[in-house]
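# I'll drop the sequence and a predicted model, then ask my questions.
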Amino acid sequence: MNKPINDQSLDTLFREARSQNAWKDEPVGETLVQAIYDLMRWGPTSANCSPARFVFLTSKTAKERLKPFLLENNVDKVMRAPVCAIIAHDLEFFEKIPQLFPHNPEAKDWFSGNEELARTTAFRNGSLQGAYFMIAARALGLDCGPMSGFDNEGVDQEFFRGGTIKSNFLCSIGYGDPTGVFDRSPRLSFDEACQVL
């Protein structure tokens, strides 16, 4: 049975979590990047398909490769961040199903012959894993700057040329500079967004 976490943890993960736009000049080491992945990988996905793939851009040279594909207002957010993650998904994730879903390895066949099902499953579950990634990063004391303002096709050509991996969104991580946070925008209330039937 799950136990509720305390209010301070809920604040860190949700209520005080913000999209970060500016960064302190503090590095994020590879050990911490690996710790984020090692947490987020436990989040559930459909048939444990785990289609998300990550490229962590930590050097100026690596971020320069991404720069031509960014919308202008996202350039500084990426270039000044200690790390920018390309969060992507593998359209042939099903090749790993015998490893990841060993009690039913034939589940691979659900997707291998159905391109549309494979595509939607990869995108949906890869997006879900991207959200787990941000929650894990926040849980480990980092701030996140997710963004979708970039040329996906250009990024795919640059980082995943000729392969089955497709970019979804970007997420810069690091220690946020409070001057780079806007006033919080409103959210829909329960009654505006939900039904209970």
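The structure has been received and is ready for your questions. Residues are numbered from 1 along each chain as shown.
# quick one: stretch 160-169 to chain centroid distance?
14 Å (Cα atoms, centre = their mean, to the nearest Å).
# in that stretch, which residues are buried?
160, 165, 166, 167, 168, 169 (16 or more other Cβ atoms under 10 Å). Heads up, the C-betas are built off the backbone N, CA and C, glycines and all.
# so which of these belong to strands?
165, 166, 167, 168, 169 (DSSP state E).
# who is the second one paired with across the strands?
For residue 166, the beta-bridge partners under DSSP bridges are residue 89.
# how about it, what does it touch?
88, 89, 91, 122, 152, 156, 160 (Cβ atoms under 8 Å, 6 or more residues apart in numbering).
# where does the third one fall, phi/psi-wise?
Main-chain dihedrals, residue 91, degrees, to the nearest 10: phi -70, psi -20.
# per-residue pLDDT, it?
Looking at residue 91, its pLDDT reads 98.
# and it, what does it touch?
51, 118, 119, 122, 164, 165, 166.
# save these as JSON lines, and put in pLDDT too.
Output for the contacts of residue 91, formatted as JSON lines (pLDDT from 0 to 100):
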{"residue": "51", "pLDDT": "98"}
{"residue": "118", "pLDDT": "97"}
{"residue": "119", "pLDDT": "98"}
{"residue": "122", "pLDDT": "98"}
{"residue": "164", "pLDDT": "97"}
{"residue": "165", "pLDDT": "98"}
{"residue": "166", "pLDDT": "98"}
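# where is the longest helix in the chain?
For the chain, the helix reaching the highest residue count under DSSP state H is reported as helix 115-139.
# name the helices or strands packed onto that one?
For helix 115-139, the packing partners by 3 or more Cβ pairs under 8 Å, 6 or more residues apart in numbering; DSSP states H and E come out as helix 30-40, strand 52-57, strand 83-90, helix 108-112, strand 143-147, strand 165-174.
# buried sites along the longest one?
Judged by neighbour count using 16+ other Cβ under 10 Å, the buried positions of helix 30-40 are 32, 33, 35, 36, 37, 39, 40.
# now the second one. Nearest residue, chain neighbours left out?
This points to residue 33. Of all residues not flanking residue 33 in the chain, residue 56 sits nearest, at 5.4 Å (Cβ to Cβ, 6 or more residues apart in numbering).
# quick one: contacts for the one you found?
33, 83, 84, 85.
# out of these, what pair is the most spread apart?
The largest separation in these, counting by Cβ to Cβ, is between 33 and 84 at 11.3 Å.
# out of the helices and strands packed on helix 115-139, the one nearest residue 46 is which?
helix 108-112 (9.8 Å).
# buried residues in the closest one?
In helix 108-112, counting by 16+ other Cβ under 10 Å, buried: 108, 110, 111.
# elements contacting that helix?
helix 97-100, helix 115-139.
# can I get the ones you listed in JSON lines including mean neighbour count and distance to residue 66?
As requested, the helices and strands packed on helix 108-112 are exported to JSON lines (neighbours: other Cβ atoms under 10 Å; distance: least, Cβ to Cβ, whole Å):
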{"stretch": "helix 97-100", "mean neighbour count": "16", "distance to residue 66": "29"}
{"stretch": "helix 115-139", "mean neighbour count": "19", "distance to residue 66": "17"}
